[in-house]
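# give me a 3D structure for the following:
(one chain, ligands or ions: 2)
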Amino acid sequence: MLEHGFGAAPWVEVLMVQPRPRRSVLAVPGSSRKMIEKAKGLPADEVFLDLEDAVAPIAKAQARTEIVDALNSDGWGRQIKVVRVNDWTTEWTYADVVEVVSGAGANLDAILLPKVVDASHVLALDLLLTQVEKANGLEVGRIGIEAQIENAIGLTNIDAIATASPRVQTLVFGPADFMASINMRTLVVGEQPEGYDTGDAYHHILMTILLAARAHGLEAIDGPYLQIRDVDAFRRAAGRTAALGFDGKWVLHPTQIDAANEAFSPRQSDYDRAEMILEAYEFHTSAAGGARGAAMLGDEMIDEASAKMAQVIAAKGRAAGMSRTMRFDSGEASGSVGSSGEASGSVGSSGEASGSVGSSGEASGSVDSSGEASGSVDSSGEASGSVDSSGEASGSVTDPESP
Ligand code: GLV
Ligand code: MG
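Ligands and ions are numbered 1, 2, ... in the order given. The predicted model follows:
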């Protein structure tokens with residue numbers, strides 16, 4: 001569930017991201033113990049063990065057993081652990097849930113439910129999970145739901161799906177099934193359909209998922225990119241949805257993990273800048289800072305809207321475990337901003353602003369931007385899962401006192 005940790009401002013509720021990131025979501029067939037073992041040591045933020053399209057119908061029963069054993073075994077890192085069950089139109093869903101949660105519920109973070117068409121699919125899973133949790137002495141409601149949007153009807157009902165249960169944590173795009181469901185004329189998952197040469201054929205779908213996620217405080221996760229040998233193409237695809245505001249993307253191979261972690265983490269310079277904006281804004285709006293709504297940070301006007309945008313990037317950077325390389329120094333004359341290797345303390349705690357904020361009313365410090373995307377981790381290992389199928393905060397400038 002959404003956790004709130006950044007103070008009381010009402011907009012924070014909508015803009016918050018979860019403290020555990022899901023930048024990279026590794027798909028691993030539940031029938032392959034070898035691949036599951038390999039996945040344990042990989043730096044994906046989430047691993048989902050698949051019982052759906054990556055597992056043949058005759059292998060599903062055995063895969064449930066493999067998954068329970070694997071979840072209960074040692075060697076996992078900090079990954080969010082998820083199992084994708086089969087969808088409710090099959091004969092397998094209830095047994096998938098009962099077996100996996102009875103056998104390994106304590107070691108499971110969420111169930112990924114594919115081909116969700118309306119709220120009833122989520123409700124059915126919620127009710128079943130509650131019974132299985134109760135029957136096994138597990139904390140009721142802890143296991144989350146990731147709802148995969150894979151067809152036109154699911155997209156149409158997305159708000160009802162997002163709000164059907166407090167267990168829902170993410171909305172996940174399933175491009176392969178989605179393209180099939182709307183008769184999109186292509187066989188290449190993750191790239192534009194040939195012949196469509198204006199814009200992005202997925203833009204409406206992606207934005208609808210993203211808006212529903214943001215409206216309801218959930219994470220938005222992009223689906224797979226199937227050309228696993230072309231990491232640059234993956235990077236471009238991930239960069240596009242990261243730029244829109246998505247929180248992460250599926251990865252099908254270890255080589256895609258670093259690229260996803262990088263794409264969905266802020267760049268170091270943006271993270272530094274975002275933290276500085278928050279500190280500077282807090283300082284300037286305080287009594288010590290002159291209680292002003294708009295002020296200058298370097299060459300840029302900052303106000304409440306800038307702080308909202310900065311909060312998003314700062315929260316993503318914190319969730320990704322990034323460290324600051326700069327700090328805002330409210331104690332220096334005119335709010336100059338220095339560069340240091342350390343994270344700073346809170347702004348305004350230095351007491352009165354010793355340096356005047358300037359008779360012209362603004363802090364004038366400059367901010368150096370430097371550094372590269374960070375928050376990425378080392379990749380290792382081999383092929384794993386298969387699958388079926390900053391910018392700068394700107395803000396509006398309202399009534400600048402003396403720009
Ligand atoms: C994933 O499940 C997809 O359909 O793309
Ligand atoms: Mg699918």
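# average pLDDT for stretch 317-327?
Along stretch 317-327, the predicted confidence averages to a pLDDT of 89.
# got the end-to-end distance for it?
Across stretch 317-327, the straight-line distance between its terminal residues is 15 Å, by C-alpha to C-alpha, to the nearest Å.
# check which residues of that stretch are buried.
Counting neighbours by 16 or more other C-beta atoms under 10 Å, one finds that the buried residues in stretch 317-327 are 317, 318, 319, 320, 322, 324, 325, 326, 327. In this view, the C-beta of every residue, glycine as well, is placed from N, C-alpha and C.
# spatially central residue for the protein, please.
Centrality entry for the chain: nearest residue to the mean C-alpha point is residue 247, 2.6 Å, by C-alpha atoms, centre = their mean.
# count the residues that sit near the nearest residue to it once chain neighbours are set aside.
Closest residue to residue 247 in three dimensions, ignoring its sequence neighbours and counting by C-beta to C-beta, 6 or more residues apart in numbering: residue 219, at 4.3 Å. The local packing of residue 219 (other C-beta atoms under 10 Å) involves 22 other residues.
# quick check: what element follows the host helix or strand of residue 155 along the chain?
Assigned by DSSP states H and E, residue 155 belongs to helix 152-156. Past helix 152-156, heading to the C-terminal end, the next element that is a helix or strand (DSSP H and E) is helix 158-162.
# which element is encountered next along the chain beyond whatever helix or strand residue 279 lives in?
Here residue 279, judged by DSSP H and E, is contained in helix 268-285. Next along the chain after helix 268-285, taking DSSP H and E as the criterion, comes strand 295-297.
# so what strands line up beside that next one?
According to DSSP bridges, strand 295-297 forms sheet pairs with strand 300-302 (antiparallel).
# average pLDDT for the partner strand?
89.
# flag every buried residue along it.
Using 16+ other C-beta under 10 Å as the test for burial, strand 300-302 gives 300, 301, 302.
# and the residue lying closest to residue 132 once chain neighbours are set aside, how close does it get to residue 110?
With C-beta to C-beta, 6+ apart as the measure, residue 101 is the residue that lies nearest to residue 132, at 4.4 Å, once sequence neighbours are left out. To residue 110, residue 101 is 11 Å away according to C-beta to C-beta, to the nearest Å.
# next one: the one helix or strand the residue nearest to residue 132 maps to to chain centre, how far?
Under the criterion of DSSP H and E, residue 101 resides in helix 93-104. With C-alpha atoms, centre = their mean, to the nearest Å as the basis, the distance from the averaged C-alpha position of helix 93-104 to the chain average is 26 Å.
# before we move on, what about stretch 236-251?
9 Å.
# any part of it near ligand 1?
No: applying C-beta under 6 Å from any ligand atom, one finds stretch 236-251 out of contact with ligand 1, separated by at least 7.4 Å.
# kindly reformat the buried residues of stretch 317-327 as a markdown table containing secondary structure.
Converted to a markdown table, the buried residues of stretch 317-327 look like this (DSSP: H, G, I helix; E, B strand; the rest coil):
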| residue | secondary structure |
| --- | --- |
| 317 | helix |
| 318 | helix |
| 319 | helix |
| 320 | coil |
| 322 | coil |
| 324 | coil |
| 325 | coil |
| 326 | strand |
| 327 | strand |
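# any low-confidence regions in the stretch 201-350 of the chain?
Filtered on pLDDT under 70, the stretch 201-350 of the chain yields the residue ranges 331-350.
# as PDB, could you dump the C-alpha coordinates of the helix holding residue 279?
The C-alpha atoms that make up helix 268-285 are tabulated as PDB, following Å, rounded to 0.1, in the frame of the first residue of the first chain:
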ATOM      1  CA  GLN A 268      22.300  12.400 -10.100                       C
ATOM      2  CA  SER A 269      22.100  16.000 -11.200                       C
ATOM      3  CA  ASP A 270      18.300  16.000 -11.100                       C
ATOM      4  CA  TYR A 271      18.200  14.300  -7.800                       C
ATOM      5  CA  ASP A 272      20.600  16.900  -6.300                       C
ATOM      6  CA  ARG A 273      18.600  19.700  -7.800                       C
ATOM      7  CA  ALA A 274      15.300  18.300  -6.500                       C
ATOM      8  CA  GLU A 275      16.600  18.000  -3.000                       C
ATOM      9  CA  MET A 276      18.000  21.500  -3.200                       C
ATOM     10  CA  ILE A 277      14.700  23.000  -4.400                       C
ATOM     11  CA  LEU A 278      12.900  21.300  -1.500                       C
ATOM     12  CA  GLU A 279      15.400  22.700   1.000                       C
ATOM     13  CA  ALA A 280      15.500  26.100  -0.600                       C
ATOM     14  CA  TYR A 281      11.700  26.300  -0.800                       C
ATOM     15  CA  GLU A 282      11.300  25.300   2.900                       C
ATOM     16  CA  PHE A 283      13.800  27.900   3.800                       C
ATOM     17  CA  HIS A 284      12.300  30.700   1.800                       C
ATOM     18  CA  THR A 285       8.800  30.000   3.000                       C
END
